[in-house]
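Trainee: quick check, what structure comes out for this input:
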Amino acid sequence: MRYRELGRTGLEISEIGFGAEWMEKKSAAEVRAVVERCEEAGINILDCWMAGPEVRSNLGAALAGTRDRWIIQGHIGSTWQDGQYVRTRDMNLVRPAFEDLLARLGTDHVELGMIHYVDDINEYEGIMAGEFIEYVRALKAADVIGHIGLSTHAPEVAKRAALSGEIEAVMFSVNPAFDLLPATASLDDAFTFAYDDALEGMDPTRAELYALCEREGVGLTVMKGYAGGRLFSAEASPFGAAMTPVQCIHYALTRPAAASILAGFDEPAHVDDAVAYETATEAQKDYASVLAGAPKHAYFGQCTYCGHCAPCTAGIDIAAVNKFYDLAVMQSEVPASIREHYRALDAAADDCTACAACEPRCPFGVPIAERMEKAAELFA
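Mentor: Take a look at the predicted model:
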């Protein structure tokens, strides 16, 4: 296992990490088996955002005796209310939820205290000017958290965090389906850009974020590196070509400032699939050839989240709705995290008036109104 320094934190973390989301609804024995396989492989960073008491307790039991070898990203603002996960900024709920996280994990501290899931600029500004950040600062002053981090899917929020001088790590969604977006609305020109290890062909906003984090010494830990498994299937991938876990990992780890990809493991074999990256050949890592050879029709009819459909007459962030829908349908049931991300949108799919004014602007022929109807039904 290779290790990288996480920004300016001084933490040395394994370049492949453990995103424990898929440990929900697993037995204590199943969780322990995955944790032990991670430890055998040299993985030393664990992300726990989940609010469910059982998964927290199972993780804590699995970590007993080896806690000191782990660097934990513990999330602040993820709560359990009435039997379900709810993201909140209500400090009367935030405080006990974070205390519960520590207690169930069997620890008195986490190395990274992550301000949980901030995708809205106004919400970010409110957090950084209010009692939420004061609580986080107090935790750091008391050594309950070692460093302040933030998780987001929004490049503009991540950029503000990187420039804050206070947030040292950002958990951000990184994969080719989110990054490598045609910068043109012309379908004829959409496939002229290059896919390679540099930043050519990348959404300029995301490219700017990665470069900014590198310059400011803010480390990135990567979530959704597999796009919920969508990239493993030629039918589900927007590129029309299947990638391997090793190729997805290589893509994420070649982004500036990226220190670790927090892969989701459902069973020990999935740990092995990810750790294969450590001994993979350059040919096995080569994602660029796969993408460069993708069929030109791969994008047609599939949302690439490029945003050319905007503006929506109802104020819907169509790209975000489509992204959450695509991630959700890859699973047997809608993950709680995706459902909550969707609910946090200012306008959702059920606000669609089916006017279809957006559809002529889509360069890929996506039936947007139909997709909004499906998303509204799925997330109802």
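
Trainee: alpha carbons only for contacts and neighbour counts from here, please
Mentor: Fine.

Trainee: strands along the chain, start to end?
Mentor: All strands of the chain, identified by DSSP state E, fall at 3-5, 12-14, 16-19, 45-48, 71-76, 78-81, 84-87, 110-115, 145-152, 169-173, 219-223, 258-264.

Trainee: now mean pLDDT too, for those, in TSV please.
Mentor: As requested, the strands of the chain are exported to TSV (pLDDT from 0 to 100):
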stretch	mean pLDDT
strand 3-5	98
strand 12-14	98
strand 16-19	97
strand 45-48	98
strand 71-76	98
strand 78-81	92
strand 84-87	84
strand 110-115	98
strand 145-152	97
strand 169-173	96
strand 219-223	97
strand 258-264	97
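
Trainee: tell me which of those strands sits nearest to residue 377.
Mentor: Between residue 377 and those, the shortest gap by C-alpha to C-alpha is with strand 84-87, which sits at 19.9 Å.

Trainee: now that closest one: buried residues?
Mentor: Neighbour counts over strand 84-87 (16 or more other C-alpha atoms under 10 Å) mark 85-87 as buried.

Trainee: about what we covered before: go through the strands of the chain and pick out the most buried.
Mentor: strand 219-223 (a mean of 28; mean count of other C-alpha atoms under 10 Å).

Trainee: residue ranges of each domain in the chain, please.
Mentor: As assigned by the TED database, the chain contains the domains 1-286, 316-377.

Trainee: could you identify which of those domains is most buried?
Mentor: domain 1-286 (a mean of 19).

Trainee: so how far is the first residue of it from its last?
Mentor: Domain 1-286 stretches 19 Å from its first residue to its last (C-alpha to C-alpha, to the nearest Å).

Trainee: figure out the length between the terminal residues of stretch 279-289.
Mentor: Termini of stretch 279-289 sit 20 Å apart (C-alpha to C-alpha).

Trainee: before we move on, what about stretch 342-356?
Mentor: Terminal-residue distance, stretch 342-356 (C-alpha to C-alpha): 21 Å.

Trainee: now the strands of the chain as a markdown table including distance to residue 364?
Mentor: A markdown table is the format used below for the strands of the chain (distance: least, C-alpha to C-alpha, whole Å):
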| stretch | distance to residue 364 |
| --- | --- |
| strand 3-5 | 39 |
| strand 12-14 | 39 |
| strand 16-19 | 33 |
| strand 45-48 | 36 |
| strand 71-76 | 37 |
| strand 78-81 | 36 |
| strand 84-87 | 34 |
| strand 110-115 | 36 |
| strand 145-152 | 27 |
| strand 169-173 | 23 |
| strand 219-223 | 27 |
| strand 258-264 | 30 |
